[in-house]
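Colleague: one predicted model, sequence on top.
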Amino acid sequence: MQTDSGYQLVRLNNGICSVRSLADDETFHPVVGPVAEAEALYVNQLKLRERLQNHAGEFVIWDVGLGAAANALTVLRATRDIACNIRLVSFDHTLEPLEFALKNADALGYFGGHDNHLKEFLRAHRVQFQDGNQSVNWEFHLADFPTLIANSKLKIQNSKLAPAPHAILFDAFSAAKNPAMWTLPLFKNLFQLLDPQRPCALPTYSRSTILRVTLLLAGFFVGVGHATGEKEETTIASNDLSFMSEPLNRRWLERAKRSHSAEPMIEPIYRTAPLSAGSLEKLLAHPQFTGT
Ligand SMILES: C[S@@+](CC[C@H](N)C(=O)[O-])C[C@H]1O[C@@H](n2cnc3c(N)ncnc32)[C@H](O)[C@@H]1O
C-alpha cells in the first residue's frame, strides 16, 4: 500500500481503503471505512438531509479535524441533490493528509468528482462551487484548534473568522494520542462560540465517560449517539436538549460516579482519574439532570 509523507493507505477487512497517519499511529476510519462511518455518525444522526431541506439561508458546518476530508466530502455528497447553501468551515493543523488523500483519490473512492475543487482548496484555503442545486462555500483554518478557539473567540463571535455552526463534525485522534483536542477548556471555549439562538449538535465517535463528563461540564446537553458499525454507541452533544433521542440520565450519572476514568482533563496531558467532588457537584446541578 502506498506510503508518502507520513501517511499510508490501508485496506480494511471489508476491502475499503482508509488513510493512516504513521506519526500518530492511527487510522482515520479504522473499521467500517470513511464513508460508512461519516454517514452513520454525521449525515444520518444529524438528520442533515431533513434539516437542509427545511433550512432557509446558509447552513454552517464546522469540520474539526479535516484530515483527509472524508467526513466533509461524505456530507457534501449525501446532500448534493438538495437545494441548499452550505458554509463548510474546516480546521486542522496540517493539510498533509488531504494532499496525500488527493493523490490517492481513486483508491479512496470518496472524492465524488471534487478533485479540482480540492486542488483549489489546498492552494487558496477556500473554494466556492455549485454542485447541482447545492451551493458550497468551503474555507479552511490552518491552526492548532485549541489555541485558535481560545484566542479568537471575539473574532468568531463578530463573524470575522466564521459564523456560529448549526452542526459540528468533531473528529480528532483518540484522547490517549491527542489529549489536547479533548480537554475541558477546549470544549468550554467551543460551547461559548455557539449561538444560543442557533441549535447546534456535535456528534463524535467516543462513548467514554470522561468525554461525556467533559461535554456536560463545558455546558452541553449530552446523549447516547448512534452506532456506526465500528462502535455500538457514540456520543452526541448539543446546546438544545431536543436534539437527542436518548439523553444521559441519572443511571448514567450513578455509573460515572463509580468510573475510574471520569474526571475531565484540564491540561493536554492524557491521564485518567475518578470524578472529583467538585465535578460531581457541577454535574448534579446541570439542567440535564435537574430538569430546569
Ligand atoms: C482522525 S483524523 C481526521 C479525519 C478526517 N475527519 C477525515 O474525514 O478524513 C484527526 C485530525 O485531527 C487533526 N488534529 C489533531 N490535533 C490537532 C490540533 N491540535 N489542531 C488541529 N487539528 C488537529 C489531525 O491533523 C488529523 O487530521
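Modeller: That came in fine, so what should we check first? Residues are numbered from 1 along each chain as shown.
Colleague: how about the residues of the stretch 51-200 of the chain that lie near the ligand?
Modeller: 65, 67-71, 91-94, 97, 144-146, 171-173, 178, 180-181 (CB under 6 Å from any ligand atom). Using the backbone N, CA and C atoms, a C-beta is placed for each residue, glycine as well.
Colleague: which among those residues count as buried?
Modeller: 65, 67-71, 91-93, 97, 145-146, 171-173, 180-181 (16 or more other CB atoms under 10 Å).
Colleague: inside helices: which ones of these?
Modeller: 70-71, 97, 145-146 (DSSP state H).
Colleague: quick one: His260 is in a helix?
Modeller: No - using DSSP: H, G, I helix; E, B strand; the rest coil, the secondary structure at His260 is coil, not a helix.
Colleague: number of residues surrounding the closest residue to it other than its chain neighbours?
Modeller: Closest residue to His260 apart from its sequence neighbours, by CB to CB, 6 or more residues apart in numbering: Pro274 at 5.7 Å. Per other CB atoms under 10 Å, the neighbour tally for Pro274 reads 15.
Colleague: may I have the phi/psi pair for Pro274?
Modeller: Torsion angles at Pro274 (phi, psi; degrees, to the nearest 10) stand at phi -70, psi 160.
Colleague: mind checking how far the residue in the stretch 151-292 of the chain that the ligand sits nearest to is from Ala105?
Modeller: Closest to the ligand within the stretch 151-292 of the chain is Asp171: 3.7 Å, counting by CB to the nearest ligand atom. As judged by CB to CB, to the nearest Å, Asp171 and Ala105 stand 19 Å apart.
Colleague: cool, Leu46 as well?
Modeller: Taking CB to CB, one finds Leu46 at 25 Å from Ala105.
Colleague: and these two? Which one has more around it.
Modeller: Legend: neighbour count by other CB under 10 Å for Leu46 and Ala105, higher for Leu46 (25 against 17).
Colleague: hang on, isn't Leu102 packed against His117?
Modeller: No - using CB atoms under 8 Å as the test, Leu102 is too far from His117 to be in contact (10.5 Å).
Colleague: which residue ranges of the stretch 101-250 of the chain form strands?
Modeller: 126-131, 134-142, 167-170, 201-204, 221-225, 234-238 (DSSP state E, counting those that start in this stretch).
Colleague: please name the nearest non-neighbouring residue to the most centrally placed residue in the chain.
Modeller: In the chain, the centroid-proximal residue (CA atoms, centre = their mean) is Phe170; its distance is 1.2 Å. Of all residues not flanking Phe170 in the chain, Thr204 sits nearest, at 4.3 Å (CB to CB, 6+ apart).
Colleague: other SSEs contacting whatever helix or strand Asn85 lives in?
Modeller: Assigning secondary structure by DSSP states H and E places Asn85 in strand 84-92. On a contact count with 3 or more CB pairs under 8 Å, 6 or more residues apart in numbering; DSSP states H and E, strand 84-92 meets helix 48-53, strand 58-64, helix 70-78, strand 134-142, helix 145-151.
Colleague: tabulate these (JSON lines), appending mean pLDDT.
Modeller: Shown next, in JSON lines, are the helices and strands packed on strand 84-92 (pLDDT from 0 to 100):
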{"stretch": "helix 48-53", "mean pLDDT": "96"}
{"stretch": "strand 58-64", "mean pLDDT": "98"}
{"stretch": "helix 70-78", "mean pLDDT": "96"}
{"stretch": "strand 134-142", "mean pLDDT": "96"}
{"stretch": "helix 145-151", "mean pLDDT": "92"}
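Colleague: quick check: the closest residue to the ligand within the stretch 51-200 of the chain vs Pro264, distance?
Modeller: Proximity of the stretch 51-200 of the chain to the ligand (CB to the nearest ligand atom) peaks at Gly67, 2.6 Å away. Distance of Gly67 to Pro264, given as CB to CB: 24 Å.
Colleague: cool, Asn239 as well?
Modeller: 18 Å.
Colleague: looking only at neighbour counts, state which of those two leads.
Modeller: Using other CB under 10 Å as the criterion, Asn239 and Pro264 rank with Pro264 on top: 23 against 19.
Colleague: I'd say the more buried one and Ile210 touch.
Modeller: Yes - between Pro264 and Ile210 there is a contact under CB under 8 Å: 6.5 Å.
Colleague: about what we covered before: give the closest residue to the residue of the stretch 151-292 of the chain closest to the ligand in space, chain neighbours not counted.
Modeller: Gly65 (4.2 Å).
Colleague: same thing with Ile269?
Modeller: With CB to CB, 6+ apart, the residue lying closest to Ile269 is Pro179, at 5.9 Å.
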